[in-house]
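# got a structure for you, letters missing:
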């Protein structure tokens, strides 16, 4: 019978677990007999399955182990457990505070992160039909954007039966000057939308009618706070306001301020029909202006399966081709709820959300909780020497193992409960700080059921997780062992504890190393040579009356030495909003399609921005304004099929045919997430932006001079300005936020780990006190002793480094892939992390070690 | 069946224990039923029936010798008690009485109908 394999042990132990003890032998015997037979007759695999089913079918009321309900009322024992927990809490104040502190820090950071995560995940879910609203985006080659032509929305419902209605927004926000009773306000968040805007989206209307808010060109809806700003009250329906000195609007609705979890953010909504009156083309028939955003609401029944989405994309493509032959655009549809976290498009309304960040922060919060729980486990087993007598006595008096286990669970739950309460306090204190760091408005609302439930869940989880190990390990030994003088830490327990410590170190080193890498990457972004000198550049916009007095402005600026270095441009390079596909050039392959960004500049651009010329020459002031001239950057030359040298002199057609006079060296005119894109520069001396280069340290003076020049010409002019380097920094706002959060929580994780290490060292020294004493008597040096005691930690740390390095590398490398320009992860990052943790850990344990090494051997060896 | 409670499957098990006469334990009962009645019997169903019958006092069990064949586990042999005997006899008698009570015509009609 030797050749017959044993039945799977797991199944049998499962059987033993549930089966009635009186029956188990016979049942097991029967099963094994049948199993052996089946193995012979039908083969091993089938026999195992049959055994499995037989065992499952044995789960019957008659056959299972009787459920013991010895004491129905557990009140007394629970009360006693809680009392004992509180007493032991008081007795070991240091341990208890370390425990509670660690847990409270863990819980509060977990909840803080979850608040943020919840905010990120809740984007646009407040719309009534949020699961049916999709946005149409498009791409041509690498150029992906959420813009679409205006006629598309009108053609959709008749082309696709699943589309119920559509909504258009004109580009995104514009700026408007509003005049109310003689006072002027500048509003930067003006949205232009179709008249069904408030029916399509569920933004709250607090005054006026939802249906009729935008149904005439002279109607306008404003937000609650704008109403307060304009009139000092919200009851303002029917009041008229004047925009940009020319148009009268009647306020038709007041809506509640837009929540921070909306991908659109605006203060004023004006009707599309108003913009149409000013436009030189008919929106509903235009297929070439990609300056609108199109949203669709699909039918209730039409769930958009992958197939359906694919069909719709193809349909959109052919629909577009049928109206605009020759230009191939790929369309895509994205659910509105995923725009914030999953969409990564140019010229988008909402930037910064990234699912990667959400995922990594969720893992960080889990890590933190885990570290805190491990701490608790380590600290409470460290107390096992003291606790074992208590356990022993309980056993002698007749406590069952289950009761002892439940006692430890109750104790850990008490700790978790206290920590949670403390965590609530910590969160309330930390939230304002957290909010200001992240520039957000998160709140902790304890009246909300979900929040309370989440807290309860975390508390229970922490309680059970951290109580599990002490409960099992401390309840194990027999009463005799409990009373033995020195409880030898048995091998298994020691190994498990070491594993836990390694896990803590792995997580900590991961977080620290990640931190170093993230901040290196950020400083690369901030200090990378952009190809132009971003420092000391400031800009202002020419608008209002100044537009008609351009010469006067020029003369005024030229007259002052500080302001003499300036250039007129059509856009600030950082937010070049112009991109065009109707571009033609000499020798262009007719099949080739490219969307190329362009900017209009005058002859001073090159001197002010300090960009380098690669070939040819720059624009000259004598250039005739009716004769078009162009410059391109190296990337543009490349995709046009020229070399730097051959490009000069070729013709190019953007808004009219003209010669390429020069090629510029590539410079970064967009975020460093993207590689340098092709750029065409047009000679355009009447741009609306003026960019100044001020002298080092002379920014303030320059600013004042510019203001006085402008005010001289137009006293009513509101002087607005910006700094280019600040604008550039804003492009990396979400990365900066992330790195702040990351740094904060990495530090926290180290702190919590250190609390644990502190406790462990204490435990170790108590355990080894005899050994230390004897060694001292035999003449061991202090240094030798310290080395002996810290050896373990160094080993653990080294193991942790080995384990965490590959994980860190893989995770962070995938983050870096998001950037076109990135650092390479080097061994240095890990070494820094290692050194950082060594220093922290060393400072944590050194005090304890010092104390132990200086103790009098008599105290250590005396046995009563 | 006021006097003795005996289900259909229980009755089969009782009878099989009787057939096996002294060699009735889990696997042998199961196989016997499976061969004779051509129906599948799960260990679980059999064990719970055996346990019920034992509780009712119809069956008596004793531990057998342990062998190497069953991984060292002993067998549990079942025998019918006197009460058990009365129970199956009662059940048989009740059935016979019921059979006798059916009018002959009905059975003939049934037969004719089924042809």
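It's in. Worth saying up front: this structure is predicted, and the values here are computed from it rather than measured.
# now the closest residue to chain A within chain B. Nearest residue, chain neighbours left out?
Using C-beta to the nearest C-beta, the single residue of chain B nearest to chain A is residue B:73, 3.1 Å away. No exception for glycine: its C-beta is placed from N, CA and C like everyone else's. In this structure, residue B:73 finds its nearest non-sequential neighbour in residue A:29, 3.1 Å apart by C-beta to C-beta, 6 or more residues apart in numbering or on different chains.
# who does the helix or strand hosting that neighbour touch, helix- and strand-wise?
Per DSSP states H and E, residue A:29 falls inside helix A:24-42. Counting contacts by 3 or more C-beta pairs under 8 Å, 6 or more residues apart in numbering or on different chains; DSSP states H and E, helix A:24-42 packs against helix A:9-18, helix A:44-57, helix B:26-37, helix B:43-56, strand B:74-80.
# just for chain B, where's the confidence low?
B:1-2, B:106-115 (pLDDT under 70).
# before we move on, back to that, quick check: mean pLDDT of the helix holding residue A:29?
For helix A:24-42, mean pLDDT rounds to 85.
# go through it and flag the buried ones.
A:24-39 (16 or more other C-beta atoms under 10 Å in any protein chain shown).
# and for stretch A:306-326?
In stretch A:306-326, counting by 16+ other C-beta under 10 Å, buried: A:312, A:316, A:319, A:320.
# for the stretch 51-200 of chain A, what spans make up the strands?
A:133-140, A:143-145, A:163-170, A:174-180, A:183-193 (DSSP state E, counting those that start in this stretch).
# do the same with the stretch 451-600 of chain A
Using DSSP E, counting those that start in this stretch, strands in the stretch 451-600 of chain A cover A:537-541, A:566-569, A:579-580, A:584-585, A:596-601.
# tell me what angle the first one forms with strand A:174-180.
Using axes from the mean of the first three to the mean of the last three C-alpha atoms, to 10 degrees, one finds that strand A:537-541 and strand A:174-180 are set 50 degrees apart in direction.
# how close does residue A:766 sit to residue A:474?
Going from residue A:766 to residue A:474 by C-beta to C-beta, to the nearest Å gives 16 Å.
# between these two, who's got more neighbours?
residue A:474 (22 against 14; other C-beta atoms under 10 Å in any protein chain shown).
# for the more buried one, which residues are in contact?
A:380, A:381, A:384, A:387, A:388, A:391, A:404, A:408 (C-beta atoms under 8 Å, 6 or more residues apart in numbering or on different chains).
# most neighbours among those residues, which one?
Neighbour-wise, those (other C-beta under 10 Å) top out at residue A:380, 26 neighbours.
# show me which residues of chain B sit near chain A.
B:25-27, B:30, B:42-45, B:47-48, B:51-52, B:68-71, B:73-76 (C-beta under 8 Å from any C-beta of the partner chain).
# hmm, 10 Å instead?
B:25-31, B:42-52, B:55, B:61, B:63-64, B:66-77 (C-beta under 10 Å from any C-beta of the partner chain).
# out of those, which are buried?
B:25-30, B:43-52, B:61, B:70-71, B:73-77.
# quick one: residue A:652 is in a helix?
No: Residue A:652 is assigned strand when assessed by DSSP: H, G, I helix; E, B strand; the rest coil, not a helix.
# for residue B:26, see how far away the residue in the stretch 101-250 of chain A that chain B sits nearest to is.
Closest to chain B within the stretch 101-250 of chain A is residue A:110: 44.9 Å, counting by C-beta to the nearest C-beta. From residue A:110 across to residue B:26, the span is 53 Å (C-beta to C-beta).
# ok, the closest residue in space to residue A:821 that isn't next to it in sequence - contacts?
In this structure, residue A:821 finds its nearest non-sequential neighbour in residue A:672, 4.9 Å apart by C-beta to C-beta, 6+ apart. Each residue near residue A:672 by C-beta atoms under 10 Å, 6 or more residues apart in numbering or on different chains is listed here: A:521, A:524-526, A:528, A:530, A:728, A:731-732, A:735, A:819-822.
# in what helix or strand does residue A:672 lie?
Applying DSSP H and E, one finds residue A:672 in no helix or strand.
# before we move on, back to that, which member of the contacts of residue A:672 is positioned nearest residue B:91?
Distance to residue B:91, by C-beta to C-beta, is smallest for residue A:735 among these, at 83.3 Å.
# got the angle between the longest helix along chain B and strand B:74-80?
Ordering each helix of chain B by length in residues (DSSP state H) puts helix B:82-101 first. In terms of direction (the same axes, to 10 degrees), helix B:82-101 departs from strand B:74-80 by 50 degrees.
# residue A:786 in helix, strand or coil?
Quick answer, by three-state DSSP: residue A:786 is helix.
# skipping adjacent residues, who's closest to it in space?
residue A:849 (5.1 Å).
# ok, residue A:769 next?
Residue A:769's closest residue in space is residue A:860 (C-beta to C-beta, 6+ apart), at 4.7 Å.
# that neighbour: neighbour count?
Applying other C-beta under 10 Å, I find that residue A:860 has 19 neighbouring residues.
# mind listing what it touches?
A:765, A:768, A:769, A:770, A:771, A:772, A:773, A:774, A:775, A:776, A:777, A:852.
# list the buried ones in the helix or strand containing the fourth one?
The secondary structure element spanning residue A:770 is helix A:769-777 (assigned by DSSP H and E). Buried residues in helix A:769-777, defined by neighbour count with 16+ other C-beta under 10 Å: A:769, A:772, A:773, A:775, A:776.
# just to revisit the earlier point, out of the buried residues of stretch A:306-326, which is nearest to residue A:783?
Taking those together and measuring to residue A:783 by C-beta to C-beta, the closest member is residue A:312, at 74.6 Å.
# list the buried ones in the helix or strand containing residue A:681?
Using DSSP H and E, residue A:681 falls within strand A:679-683. Under the neighbour-count criterion of 16+ other C-beta under 10 Å, strand A:679-683 has A:679, A:680, A:681, A:682, A:683 buried.
# turn these into JSON lines, including pLDDT and distance to chain B.
Conversion of those to JSON lines gives the following (pLDDT from 0 to 100; distance: C-beta to the nearest C-beta, whole Å):
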{"residue": "A:679", "pLDDT": "84", "distance to chain B": "77"}
{"residue": "A:680", "pLDDT": "85", "distance to chain B": "80"}
{"residue": "A:681", "pLDDT": "85", "distance to chain B": "84"}
{"residue": "A:682", "pLDDT": "84", "distance to chain B": "85"}
{"residue": "A:683", "pLDDT": "84", "distance to chain B": "90"}
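# show me how far the helix or strand harbouring residue A:340 is from its chain's centre.
Taking DSSP H and E as the criterion, residue A:340 maps to helix A:339-342. Chain-centre distance of helix A:339-342: 11 Å, with C-alpha atoms, centre = their mean, to the nearest Å.
# okay, buried residues for the helix or strand following that helix please.
Note on helix A:339-342: by DSSP H and E, the next helix or strand toward the C-terminus is helix A:355-382. Neighbour-count burial for helix A:355-382, counted by 16+ other C-beta under 10 Å, picks out A:357-358, A:360-362, A:364-365, A:367-382.
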